[in-house]
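*Asks:* I would like the atomic coordinates for the input below:
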Amino acid sequence: MPHFIMEYSANLDDELDIPALFEQLNNTAIATGVFPIGGIRTRAVRCEHYRIAEGDPENAFVYFTARVGAGREIEVLKSACDEIFAVLSDLLQPIYDRRYLSIGFEMAEIHPVLSYKKNNIHEKFK
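*Replies:* Got it, this is the predicted structure:
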């Protein structure tokens, strides 16, 4: 873990460099030292249907959710969140400067008993 899920309004298609953003996001997550490399997953979900505020079609959003395994101290997670959100904000700042944009980020722990996994990618990094 973490699994980063980026939802974004379709009106950002021409402005987002998703591969570059994901590279920086993953590098930042790795650099925190909190998350194992083999557990990081990052994906984007383009939202075709959305309404933001008063409905102006130029309004845009990017919302990240990080789903992480349970058991880390809140201070550790908060520190990682601070670093990740700072990088995301910096990367999205040029868009933010040009248009109305909502940027959100939330980290949530996955229930330790009700989450099932099968993953041999961790072996690659041993």
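
*Asks:* can you tell me the closest non-neighbouring residue to Asn59?
*Replies:* Excluding the flanking residues, the one nearest Asn59 by CB to CB, 6 or more residues apart in numbering is Ile52, at 3.8 Å. Just so you know, the C-beta spots here come from the backbone N, C-alpha and C atoms, and that holds for glycine as well.

*Asks:* on the three-state scheme, that neighbour is what?
*Replies:* coil (DSSP: H, G, I helix; E, B strand; the rest coil).

*Asks:* could you pull up the residues touching it?
*Replies:* Residues in contact with Ile52 (CB atoms under 8 Å, 6 or more residues apart in numbering) are 9, 59-61, 100, 102.

*Asks:* can you pull the buried residues of the helix ranked longest in the chain?
*Replies:* The residue-count maximum for a helix in the chain (DSSP state H) belongs to helix 74-98. Under the neighbour-count criterion of 16 or more other CB atoms under 10 Å, helix 74-98 has 77, 80-81, 84-85, 87-88, 91-92, 96 buried.
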